[in-house]
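Novice: Generate coordinates for the sequence data below:
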Amino acid sequence: MKCEWVKENVLLYVYNELADDARYELEQHLARCADCTAELKTTRKFHAMLSELPVEEPSPNLVAASRMRLQEGLETAEQGRFWHRLIFDPAAWLRQVRFAPALAAAIFIVGFAGGIGTTYKVVNGNGPSVASGPISAPAASSITGIQSITQDPGSNHISIKYDTVSTQEAQGSLNDQRIQQLLLFAARNNYNSGVRMDSVDLLTQEPNNTHVREALIYALRYDSNPGVRLKALDGLGAFVKSDARVRDSLLEALMQDSNPGVRTEALHLLEPVRADSSVRAVLQKLSQSDQNQYIQSQARTVLAQLPEFD
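Specialist: Sure, this is the predicted structure:
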């Protein structure tokens, strides 16, 4: 065993994340290598220092936003790295399997079971399962992703393909609770921006639903795709007067969104509440120092139309 491998995995050793076989090999190496033993002592000292600091739990919004950014990164990441390592660096891959014989056994079992399952499907002509009617909604934790969302032209019928262990499909109307739950899941968690846009587009047809409105506000604040954020604005605009959360989310988009189109649309949607003190304060700030000349000009125009305070 090389010292480089030990230094790369010593942190996993400290956190008890190494497989038993790899842990045994690492301990055997530490018994005869002073440099790696010193590395272990330094790592444990650092771990002890971190353990003395208070642990702060991330907010649910931060966790969800981070998950979405991670999924976006996976969507655009370079593919085929596993096969590249397997073909061009087989020694490294086999070295990992060497220290994880349980993994090797699991790969064999899964491959064997997958072959049997595939043969069974081919022989029996089975495809993705299709669910319709009053079947209970799947738990969000069991859904791995939404593949596609389609609506039949001129009807209220929606078809959603989603993945659990295998791809499944749910069909029903927009008023179906199961369909709504899948749409809400897709709007928040799916890695495919096109699917998120389809979901938000359909959800804007039911903005009176509290959960739907919260999902639209979430999409406006955290979705990385400006098209999805614009769709969310379409559904929220009608509630800028009646819902303070909607007004605040539009103000936040106007101040902080990175896309000029989203900011411009938010500015237009805020016109019915332009006399509100918080909206007036934001408009005054934008009219003085905003870097977007159009938004700065529009803010000045709106302010000029407002009556002066006594």
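Novice: Give me the residue ranges of the stretch 1-150 of the chain where confidence is low.
Specialist: Residue ranges of the stretch 1-150 of the chain with pLDDT under 70: 1, 55, 59-65, 67-68, 71-142, 144.
Novice: Equivalent analysis for the stretch 201-310 of the chain, please.
Specialist: 308-310.
Novice: Now with 80, please.
Specialist: 207, 306-310 (pLDDT under 80).
Novice: Show me where it has its helices.
Specialist: 210-222, 226-236, 244-256, 260-269, 277-289, 293-304 (DSSP state H, counting those that start in this stretch).
Novice: Just say which of these is most tucked in.
Specialist: helix 226-236 (a mean of 22; mean count of other C-beta atoms under 10 Å). Placement of C-beta: from N, CA and C, glycine included.
Novice: Tell me what angle that helix forms with helix 244-256.
Specialist: Counting by axes from the mean of the first three to the mean of the last three C-alpha atoms, to 10 degrees, helix 226-236 lies at 150 degrees to helix 244-256.
Novice: can you list contacts of helix 226-236?
Specialist: Applying C-beta atoms under 8 Å, 6 or more residues apart in numbering, the contact partners of helix 226-236 are 193, 196-197, 200-201, 203-204, 207, 212-213, 216-217, 219-220, 223, 246, 249-250, 253, 257-259, 261-262, 265-266, 269.
Novice: Could you do stretch 268-284 as well?
Specialist: By C-beta under 8 Å, 6+ apart, the list of residues contacting stretch 268-284 reads 233, 236-237, 240-241, 247-248, 250-251, 254-255, 299, 302-303, 305-307.
Novice: if we can go back for a sec, make a markdown table out of the helices of the stretch 201-310 of the chain and add distance to Gln147.
Specialist: Converted to a markdown table, these look like this (distance: least, C-beta to C-beta, whole Å):
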| stretch | distance to Gln147 |
| --- | --- |
| helix 210-222 | 19 |
| helix 226-236 | 17 |
| helix 244-256 | 29 |
| helix 260-269 | 27 |
| helix 277-289 | 40 |
| helix 293-304 | 38 |
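Novice: how many neighbours does the residue lying closest to His157 once chain neighbours are set aside have?
Specialist: Of all residues not flanking His157 in the chain, Ser173 sits nearest, at 6.4 Å (C-beta to C-beta, 6 or more residues apart in numbering). Each residue near Ser173 was counted by other C-beta atoms under 10 Å, and the total is 11.
Novice: Give the full set of residues in contact with Ser173.
Specialist: 156-158, 179.
Novice: quick one: which of those sit in helices?
Specialist: Ile179 (DSSP state H).
Novice: Among the contacts of Ser173, the buried ones, what's the ChimeraX command?
Specialist: To isolate the buried ones among the contacts of Ser173 in ChimeraX, judged by 16 or more other C-beta atoms under 10 Å, type:
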select :157,158,179
